[in-house]
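Student: Build me a model:
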Amino acid sequence: MVQSAEKIEQNSVNSNFSTNNSPLMAIKESLTITDNRTGETREVLIHDNTVNCTDLTFFKDQQGEVLRSYDPAYMNTVCCTSSISYIDGDRGILEYRGYPIE
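Tutor: Below you'll find the predicted structure:
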């Protein structure tokens with residue numbers, strides 16, 4: 001029986017990933033990650049076309065160190081999504097609640 005993503009999120013301790021035996025495998029808004037060092041496979045949920053970087057901490061090396069991500073120059077990093085602020089670096093716009101910050 002395949003559950004909806006919302007139901008899985010409510011029932012899961014860490015709703016962003018699951019083992020490969022979970023009904024989450026049937027959800028299309030997920031990413032399958034396999035650690036070729038250990039053969040461990042996890043499904044990571046995709047929300048708003050993003051994945052939670054901390055989901056990578058499930059994967060560990062032989063010394064127990066967690067896997068980390070590296071994004072040089074923050075070229076593909078999203079800090080947050082905000083409904084009260086607006087930033088357009090190319091046009092030089094920075095606003096908070098509709099008011100320009102200069």
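Student: what about residue 85, how many neighbours?
Tutor: Number of residues near residue 85 (other C-beta atoms under 10 Å) recorded here: 12. C-beta here means a position set from N, CA and C on the backbone, and glycine is covered the same way.
Student: Go ahead and confirm it touches residue 96.
Tutor: Yes: contact between residue 85 and residue 96 holds when scored by C-beta atoms under 8 Å: they sit 5.1 Å apart.
Student: among the helices and strands of this structure, which one scores worst on average pLDDT?
Tutor: Using mean pLDDT, DSSP states H and E, the weakest-scoring helix or strand in the chain turns out to be helix 5-11, at a mean of 39.
Student: End to end on stretch 62-70, go ahead and measure it.
Tutor: With C-alpha to C-alpha, to the nearest Å as the measure, stretch 62-70 spans 20 Å from end to end.
Student: and that stretch, how far out from the chain's middle?
Tutor: Relative to the centre of its chain, stretch 62-70 is centred 17 Å away, using C-alpha atoms, centre = their mean, to the nearest Å.
Student: same check, this time on stretch 32-49
Tutor: Distance, centroid of stretch 32-49 to centroid of chain: 11 Å (C-alpha atoms, centre = their mean).
Student: So which bits of it are buried?
Tutor: For stretch 32-49, a neighbour-count test (16 or more other C-beta atoms under 10 Å) marks 33, 42, 43, 44, 45, 46 as buried.
Student: Can you check my assumption that the first one lies in a strand?
Tutor: Yes: checked against DSSP: H, G, I helix; E, B strand; the rest coil, residue 33 lies within a strand.
Student: pLDDT score assigned to it?
Tutor: Residue 33 is assigned a predicted lDDT (pLDDT) of 94.
Student: The spatially closest residue to it that is not a sequence neighbour: which element?
Tutor: Spatial nearest neighbour of residue 33, excluding adjacent residues (C-beta to C-beta, 6 or more residues apart in numbering): residue 42 at 5.4 Å. If you go by DSSP states H and E, residue 42 is part of strand 41-45.
Student: could I get that strand in CSV with only the CA atoms?
Tutor: Included here for strand 41-45 are C-alpha records, laid out as CSV according to Å, rounded to 0.1, in the frame of the first residue of the first chain:
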residue,chain,number,x,y,z
THR,A,41,20.6,3.5,-0.5
ARG,A,42,18.2,6.2,0.7
GLU,A,43,15.4,8.2,-0.7
VAL,A,44,15.4,12.0,-0.1
LEU,A,45,12.3,14.0,-0.4
